[in-house]
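[1] Predicted coordinates and the sequence they were generated for:
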Amino acid sequence: MGKLLSQLLIILSIVILSACGTDSAKSADIEEDKATKAAEQKNVGEDEPKEQKEGADVIEEDISLSEAEIGQTYSTPDFEKITVDKVVDTNQHYDLGPLKVNIEKVAFVTFEGIKDEYLASDMESYYGYSDNEPYTYLDINYSVENRSDQDVHSYAPIYTLILSTGEQVEVSDKDFILESPEWEYYANAFQTDLSLGVKVKSDPEEVTSIRIVSESVDTLDGEEIQAPVEAEIDLEEKSEK
């Protein structure tokens with residue numbers, strides 16, 4: 001996999017999950033900024049403040065996704081179309097033996113038309129992307145803490161995802177963000193800002209929960225100290241809309 005793939009999509013994940021707030025004050029600020037930009041552009045003689053694609057539903061703008069409105073489709077320098085469909089501030093955790101796994105945020109994003117040919121080629125070869133077809137993915141931001149006095153090993157605290165729609169996704173094979181934790185978790189230490197991204201077929205609005213299946217936890221000598229566990233993350237009544 002190319003270095004470009006991981007760099008661009010890690011940035012995409014971090015931006016979406018750290019800054020997609022939609023409270024009324026922020027929305028008002030965004031609208032005010034847009035109005036200011038439009039006025040400035042008009043003053044320098046442009047006919048339109050920003051280019052709007054056919055159908056009047058896609059805004060062509062070099063916008064940071066931290067400023068993107070949930071549900072609005074944009075055309076950016078990287079994507080023909082990209083939409084933040086749903087963001088859920090979960091802050092729910094589960095115990096995996098000595099490990100505490102905290103699911104901090106969950107997002108659903110749809111993009112279409114990757115403009116960089118090398119990135120598009122990697123996504124098509126390994127992750128089910130098809131040019132000019134919508135690609136929806138589930139992005140999970142999480143952290144892992146080892147609360148014990150013993151160094152341990154776990155291949156994947158998030159190994160399989162089962163959506164409430166019944167769709168099952170194997171993270172180990174389909175994660176294209178590639179920002180996964182180290183397999184070794186040292187005693188009384190933690191890792192933060194971990195992310196994964198996997199393609200999903202389900203409608204984001206129909207996904208009300210996610211069941212997570214982990215891998216086991218072992219000592220560094222290979223002795224199992226915790227069998228795989230299952231945990232359910234609720235997505236209802238928490239969506240940032």
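    That came through fine.

[2] how far away is the closest residue to Tyr129 other than its chain neighbours from Asp131?
    Spatial nearest neighbour of Tyr129, chain neighbours left out: Met123 (3.5 Å); criterion: C-beta to C-beta, 6 or more residues apart in numbering. For the C-beta atoms, the positions are set from N, CA and C on the backbone; glycine is no exception. From Met123 across to Asp131, the span is 9 Å (C-beta to C-beta, to the nearest Å).

[3] Which residues are in contact with each of these two?
    Ile114 (C-beta atoms under 8 Å, 6 or more residues apart in numbering).

[4] For those two, work out which one has more neighbours and name it.
    Using other C-beta atoms under 10 Å as the criterion, Met123 and Asp131 rank with Met123 on top: 23 against 14.

[5] Next, find the distance separating that one from Glu104.
    Met123 is 25 Å from Glu104, by C-beta to C-beta.

[6] And the average pLDDT for the one helix or strand Val198 maps to is what?
    Taking DSSP states H and E as the criterion, Val198 maps to strand 189-199. For strand 189-199, mean pLDDT is 93.

[7] May I see the buried residues of it?
    For strand 189-199, a neighbour-count test (16 or more other C-beta atoms under 10 Å) marks Gln191, Leu194, Ser195, Leu196, Gly197, Val198, Lys199 as buried.

[8] Any idea which residue is closest to the centre of this protein?
    Nearest to the geometric centre of the chain sits Asp139, at 2.4 Å (C-alpha atoms, centre = their mean).

[9] I figured that residue was touching Thr110, is that so?
    No - in this structure Asp139 lies outside contact range of Thr110 using C-beta atoms under 8 Å: 11.3 Å.

[10] any idea of the mean pLDDT for stretch 162-170?
    97.

[11] That one: end-to-end distance?
    Using C-alpha to C-alpha, to the nearest Å, the end-to-end distance of stretch 162-170 comes to 9 Å.

[12] and whichever strand or helix holds Thr110, how far from the chain's centre?
    Assigned by DSSP H and E, Thr110 belongs to strand 99-114. How far strand 99-114 lies from its chain's middle: 2 Å, per C-alpha atoms, centre = their mean, to the nearest Å.
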